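Enquirer: Below is the sequence, then the predicted model.
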Amino acid sequence: MSTYSRLEIGLLILLIMVVLLPFVLVLGIAEASPYYQITGEPVNDAAIVTGITVASVKDSTWNLPGATGGKTYVLTDKAGETVIVSTQSFDSAASRDAAVRSYNAQPVGRGKPVGSLVVLGQHLVYVTPANSDILKTLAPELKKRVSP
């Protein structure tokens, strides 16, 4: 029978912590977005308040279980930047969260489009491109409009 030195035991504990710590942090820090009903069109309303032009809007429904319909907006700011914002409403928290898990399961470049997915109540909001100044301008206004 061999005995382990303190150094070996310390290294083993450190290795376990390095492997398990990210999982513990994700589970402990991650906060589920509450499911609640939002009335109106929060993206359109936020765009108007912030001075972003709604160039076009059309109805759309994503091909996902529980999707009940939404809108696709083309937004333009004063600098000429254009983004596409798609919203989709879901009939339950479970169907909305399943759509988020499905989106996050796809690696970028292999079926996962490059954009930003945001949860707002019963809606998912997808913005392309993800690093746009328009999203940075809209985000604070959207947060004001959708608090439960």
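Expert: Looks like it came in fine.

Enquirer: rest of the way, CA atoms for contacts and neighbours
Expert: OK.

Enquirer: So what's the residue count around the closest residue to V119 other than its chain neighbours?
Expert: Nearest-residue entry for V119: V125, 6.3 Å, with adjacent residues in sequence omitted and distances by Cα to Cα, 6 or more residues apart in numbering. Other residues near V125 number 19, with proximity taken as other Cα atoms under 10 Å.

Enquirer: who's in contact with V125?
Expert: Taking Cα atoms under 8 Å, 6 or more residues apart in numbering as the criterion, V125 is in contact with V85, S86, T87, Q88, L117, V118, V119.

Enquirer: looking at this, the second one is in a strand?
Expert: Yes. Counting by DSSP: H, G, I helix; E, B strand; the rest coil, S86 is located in a strand.

Enquirer: Now do it against S132, distance only.
Expert: Spatial separation of S86 from S132 under the definition Cα to Cα, to the nearest Å is 14 Å.

Enquirer: The two - which one has more neighbours?
Expert: Regarding S86 and S132, a neighbour count based on other Cα under 10 Å identifies S86 as having more, with 24 against 15.

Enquirer: tell me the secondary structure for the closest residue to the more buried one other than its chain neighbours?
Expert: Leaving out its chain neighbours, the residue that sits closest to S86 by Cα to Cα, 6+ apart is T72, at 4.2 Å. Taking three-state DSSP as the rule, one finds T72 in the strand state.

Enquirer: hey, what's T72 bridged with?
Expert: Counting by DSSP bridges, T72 is bridged to K58, S86.

Enquirer: quick one: contacts for it?
Expert: Taking Cα under 8 Å, 6+ apart, we find T72 in contact with V57, K58, D59, S60, I84, V85, S86, T87.

Enquirer: Over to A139?
Expert: Applying Cα under 8 Å, 6+ apart as the definition, A139 turns out to have no contact partners.

Enquirer: what's the distance between it and A93?
Expert: Note on A139: its distance to A93, by Cα to Cα, is 22 Å.

Enquirer: just S60 next, same as before
Expert: Taking Cα to Cα as the measure, S60 and A93 are separated by 20 Å.
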